[in-house]
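Trainee: What follows is a predicted protein model with its sequence.
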Protein chains: 2
Amino acid sequence: MSTNQKEIEIQFLDYVKKIGAYNEALALIYWDLRTGAPKKGVDQRTEVIGVLSSELFALSTSTELESYLSILSEENIQKELSPITRKTVEEMKKDFDRNKKIPAQEHKEYVMLQSKAESVWEEAKEKADFALFQPYLEKLVEMNKRFIEYWGYKDNKYDVLLDMYEPGMTVSILDEVFSNVREKIVPLVHKIAESTNKPSTDFLYEPFSKENQEAFSLKVLQQVGYDFDAGRLDQTVHPFATGINPGDVRITTKYDESDFRVAVFGTIHEVGHALYEQNISKELVGTPLCSGTSMGIHESQSLFYENFVGRNLSFWRHNYETLKSYTNGQFDQVPVEEFYRAINESKPSLIRIEADELTYPLHIMIRYEIEKGLFDGDIEVKDLPKIWNEKYKSYLGVVPKNDGEGVLQDVHWAGGSFGYFPSYALGYMYAAQLKQIMLKDIPNFDELLEQGKLLPIKEWLNEKIHYYGKTKKPLEILKDVTGEGLNAQYLIDYLYKKYSDVYQLEQ
Amino acid sequence: MSTNQKEIEIQFLDYVKKIGAYNEALALIYWDLRTGAPKKGVDQRTEVIGVLSSELFALSTSTELESYLSILSEENIQKELSPITRKTVEEMKKDFDRNKKIPAQEHKEYVMLQSKAESVWEEAKEKADFALFQPYLEKLVEMNKRFIEYWGYKDNKYDVLLDMYEPGMTVSILDEVFSNVREKIVPLVHKIAESTNKPSTDFLYEPFSKENQEAFSLKVLQQVGYDFDAGRLDQTVHPFATGINPGDVRITTKYDESDFRVAVFGTIHEVGHALYEQNISKELVGTPLCSGTSMGIHESQSLFYENFVGRNLSFWRHNYETLKSYTNGQFDQVPVEEFYRAINESKPSLIRIEADELTYPLHIMIRYEIEKGLFDGDIEVKDLPKIWNEKYKSYLGVVPKNDGEGVLQDVHWAGGSFGYFPSYALGYMYAAQLKQIMLKDIPNFDELLEQGKLLPIKEWLNEKIHYYGKTKKPLEILKDVTGEGLNAQYLIDYLYKKYSDVYQLEQ
């Protein structure tokens, strides 16, 4: 590479760092807005977000960036770049092309539509009035269809949207795995509904102070290996994790004093995300590669901790006495096995975010089928409430009383996030698949949980997944770690084994 | 004004708003760094500060801004501008001229140095290890000296720094005022040292939990009229207040479980600053006029609340029972008059922020003389611990056990704030002068305190001072409100009266 080319590479990396700095500042502002920013300052803070976001958009679509990307993508130059720079160029180019192909006027219109749609959705949900939201959703779908035309697509328009959240994911892959999962899970859900061995759960709902829940949550965070010198735990209405930079990955949780599970499993879920972001290679800091590789892989980490660790009997064999010591005695008469069955109760329900492990994937499939239909043209927005309710009846045997607890329950579509939902189900499948492979290296997984020794598990995930950030694509990680592509059988086997155990079913 | 000129005014105000947005983002980042940002994220956050500050610096020194300022400063155009735009142009022009003289690269280096130095200082203070901090302080002094050369100066380099915090203030004025105050105060300090009527203070140091101190502090904040919808209270090593915008003005305090005064008077001090920032006219939001007019006037507000309200017998006649209710009974045998004498004990001490009203100005004078020496070239950074200790010995008769409670106690120098300290002493003088004038409008001042009715006091300060933000210069405010210039006699009279009373001296 000539000196001049080397200089261009350095300038490009500086430019990328600058973009990273704006993203980091915005991430901190959003964290602050959700954790305790005084309400009278919010309007002015929104102006600040506007200024920084505009600048970020300008940086991401500038002719300066275009020129770096064009030079550094030339074949003879590209091959001489460091692997990190090469991947950075690819990642930036993908974003640049995506942004650049949409006319500025339409981009602006879309941003305004999103913001308006979100506030209309909030009202529509509260009033359970789909008609209010319908024209906005129609417009959002229509504009996304137009964008897909600008971007171009191969087989299926919806693939373009899936790819935004899960690079490489397609309708043809999902159709196959989802129909497989559905075919196997629906009978299990029915079996459980008819089970005569349902767990008792009354004892779960005793008063449990916020302070004590927090103290217990902090112990769990310590146990799983969350680095408090690179993070902190706060309280919010909806739990989340945010990787501001790998040395600053914050978790929030929500406390419900009459159901400790909200905070405890919320915290364990979020720390799965946080462990990912805290352990990305420091070499990637300041590049767009310094984050989780996809929503699905990210979700696999949070679900791994929530379900494979947090809802595991061995985990509670170690932690149950500690948990008890923080309560007013609500579990004193409950053996740990009964506690384990209670926290794994499965019951068809209407609300996705309150669903258990077993029924959750069905909530996702309903949304997936609807989204696919919307972009195929098989489904029209006006028919959504009817279709939604039919699918809930058929998959889960429950019907929403109104659209507020039905088709209007999630914010995603109001924000224009089509193609996002499948990530949640993919996360489950990835997690189950990874767990099986992990057992080859860590055959004493349950024993470690029972001893409270969780660090080898974290280190395995660090080494196999976290470290790489976005330098590997999701299916590449899966292939490298498990030796195969997406395979839903692992999840199915896991759910059968677990729920046969919890519900003492005959197999 | 022509349509074209009107358009330029609008563009200019948009431009100024953008600068405001960067300042606001940075203010939030600084608040976060001091209130609980995970330490492993600090280096990367410093990069973010560097990027945003560079952009801010570029915006503040651009040819675009230069052109706005040059057009809007033309006499025939200027006179047609709104008063706010006119003052904004003046303020921006002053900053523009100052910034333009520093090379961009040096500015960036300086901002990153400040941020790094603050976190090193924190560690150095905790470890009482001056050597750790010394190279950073040396660099900060050196860079400030270089900047002064860029800016140019008349009689004294240090004047340039003083003027940044208190426009118009000079070494020659301060040398005179300080020697006058010192001349009057030192004999009073001696009289008190020889007094046979010293207050008892043992009862102050009983264990008082952080949680209860916090609860009491929150009650006091409510009483003085702090708006919690436009602020919040956090805990830090060194208390501060920060006006991120007028709807988001945050306070921090420090808790010492064996001396409740640290938190209580710390909070009352900071809320004086916060009330100023919360009550600036909303018309000034988004302009550089939307902050306190000078450090001295700012400090007059915090010291007004700390001393004229918080250390007033009438204030405690109202609040003493509440305070008692949060303790383990430490004041049960102590009449309020004895409590009042105790919290006004005057005794030479080591820590500035814990010093009493009477000896406080001596702490300031030590810092003033050191800063003056550093910029004259009479003092070198490496000698600071020795010089510091000698001056404390000579002025106050006390010597720090280590540098943590000596030369490392204040954050100011770590932030590059040289010339700031004298503002505290000016604040005392302004506060005493304002209090005398306030009594003409609010002759029942003490009665209101005794009834816990503090809002009329806040409203008087809102109307006379806060509302104007930076649209009036410090001496203009003083003149408008009191009818005269700076007059140290008010402070001297006040201190004589108060301490004669507390120590029952013969006058």
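Mentor: In hand now; what should we look at?
Trainee: drop to CA atoms for contacts and neighbour counts, all remaining ones
Mentor: Will do.
Trainee: where exactly do the strands run in the stretch 151-300 of chain A?
Mentor: Remark: strands of the stretch 151-300 of chain A, listed N- to C-terminal, are A:233-235, A:241-245, A:248-253; assignment by DSSP state E, counting those that start in this stretch.
Trainee: what's the most buried one of the ones you listed?
Mentor: Comparing the strands of the stretch 151-300 of chain A on average neighbours per residue, with mean count of other CA atoms under 10 Å in any protein chain shown, the densest one is strand A:248-253 at a mean of 26.
Trainee: now check that strand, is it near chain B?
Mentor: Yes: Strand A:248-253 lies within reach of chain B by CA under 8 Å from any CA of the partner chain, at residue A:248.
Trainee: Tell me what angle that strand forms with strand A:241-245.
Mentor: Using axes from the mean of the first three to the mean of the last three CA atoms, to 10 degrees, the direction of strand A:248-253 lies 170 degrees away from that of strand A:241-245.
Trainee: May I have strand A:248-253 as CSV, with CA atoms only?
Mentor: What follows is strand A:248-253, C-alpha atoms only, in CSV (Å, rounded to 0.1, in the frame of the first residue of the first chain):
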residue,chain,number,x,y,z
ASP,A,248,-19.5,1.3,30.1
VAL,A,249,-22.4,-1.2,29.7
ARG,A,250,-25.3,-0.3,31.9
ILE,A,251,-28.2,-2.5,32.9
THR,A,252,-31.6,-1.4,34.2
THR,A,253,-34.3,-3.4,35.8
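Trainee: name the helices or strands packed onto it?
Mentor: Helices and strands touching strand A:248-253, as assessed by 3 or more CA pairs under 8 Å, 6 or more residues apart in numbering or on different chains; DSSP states H and E, comprise strand A:233-235, strand A:241-245, helix A:261-278.
Trainee: quick check, the longest one touching chain B?
Mentor: Right, helix A:261-278. No: applying CA under 8 Å from any CA, one finds that helix A:261-278 is not in contact with chain B, the shortest distance being 10.1 Å.
Trainee: Then the first one?
Mentor: No: between strand A:233-235 and chain B, judged by CA under 8 Å from any CA, nothing touches; the nearest distance is 10.5 Å.
Trainee: Output the set of residues of the stretch 101-250 of chain A in proximity to chain B.
Mentor: In this structure, the stretch 101-250 of chain A approaches chain B at residues A:228-232, A:245-248, judged by CA under 8 Å from any CA.
Trainee: buried subset of these?
Mentor: A:228, A:230-232, A:245-248 (16 or more other CA atoms under 10 Å in any protein chain shown).
Trainee: and those residues, which two are the farthest apart?
Mentor: Within those, two members stand farthest from each other by CA to CA: A:228 and A:245, at 13.7 Å.
Trainee: Pick out the residue nearest the middle of chain A.
Mentor: Relative to the mean C-alpha position of chain A, the nearest C-alpha, by CA atoms, centre = their mean, is the one of residue A:299, at 4.1 Å.
Trainee: Can you tell me the closest non-neighbouring residue to the closest residue to chain B within the stretch 1-150 of chain A?
Mentor: Among all residues of the stretch 1-150 of chain A, residue A:41 sits closest to chain B, at 3.9 Å; criterion: CA to the nearest CA. In space, not counting the residues next to it along the chain, residue A:41 is nearest to residue B:247; the distance is 3.9 Å by CA to CA, 6 or more residues apart in numbering or on different chains.
Trainee: quick one: that neighbour and residue A:37 touch, right?
Mentor: No: distance between residue B:247 and residue A:37: 9.7 Å, which falls outside the contact criterion (CA atoms under 8 Å).
Trainee: list residues touching both of these two?
Mentor: Overlap between the neighbourhoods of residue B:247 and residue A:37 consists of residue B:231, taking contacts as CA atoms under 8 Å, 6 or more residues apart in numbering or on different chains.
Trainee: Surely residue A:40 is in contact with residue B:249?
Mentor: No: between residue A:40 and residue B:249 no contact is recorded; they are 9.8 Å apart, counting by CA under 8 Å.
Trainee: overlap in contacts of these two?
Mentor: Both residue A:40 and residue B:249 are in contact with residue B:230, where contact means CA under 8 Å, 6+ apart.
Trainee: Contacts only, for the residue nearest to the centre of chain A.
Mentor: Each residue near residue A:299 by CA under 8 Å, 6+ apart is listed here: A:273, A:423-424, A:426-428.
Trainee: Pull the most distant pair out of these.
Mentor: The widest separation within those (CA to CA) is 14.9 Å, between A:273 and A:426.
Trainee: Show me what residue of the stretch 201-350 of chain A gets nearest to chain B.
Mentor: Going by CA to the nearest CA, chain B is nearest to residue A:247 of the stretch 201-350 of chain A, at 3.9 Å.
Trainee: Local confidence estimate at that residue?
Mentor: According to the per-residue confidence, residue A:247 scores 97 in pLDDT.
Trainee: ditto for residue A:507
Mentor: Here, the pLDDT recorded for residue A:507 equals 56.
Trainee: all helices for the stretch 1-150 of chain A, in order.
Mentor: Assignment of helices within the stretch 1-150 of chain A using DSSP state H, counting those that start in this stretch yields the ranges A:3-35, A:42-60, A:63-72, A:75-78, A:83-100, A:104-127, A:130-151.
Trainee: packing partners for the fourth one?
Mentor: With contacts defined as 3+ CA pairs under 8 Å, 6+ apart, helix A:75-78 has no helix or strand neighbours.
Trainee: tell me the mean pLDDT for it?
Mentor: Taken as a whole, helix A:75-78 has a mean pLDDT of 91.
Trainee: What are the buried residues along that helix?
Mentor: The neighbour-count criterion (16+ other CA under 10 Å) identifies A:77-78 as the buried residues of helix A:75-78.
Trainee: Kindly report the same for the fifth one.
Mentor: With burial defined by 16+ other CA under 10 Å, the residues of helix A:83-100 counted as buried are A:85-89, A:91-93, A:96, A:99-100.
Trainee: mind showing which ranges of chain A have poor pLDDT?
Mentor: Across chain A, the stretches falling below the confidence threshold (pLDDT under 70) are A:1, A:507.
Trainee: Skip the chain neighbours and tell me the closest residue to residue A:484.
Mentor: Per CA to CA, 6+ apart, closest to residue A:484 is residue A:478, 6.8 Å.
Trainee: same check, this time on residue A:216
Mentor: Distances taken as CA to CA, 6+ apart put residue A:323 closest to residue A:216, at 6.5 Å, once the chain neighbours are dropped.
Trainee: Now the two most distant members of the residues of the stretch 101-250 of chain A next to chain B.
Mentor: Every pair in these was compared (CA to CA); the two farthest apart turn out to be A:228 and A:245, at 13.7 Å.
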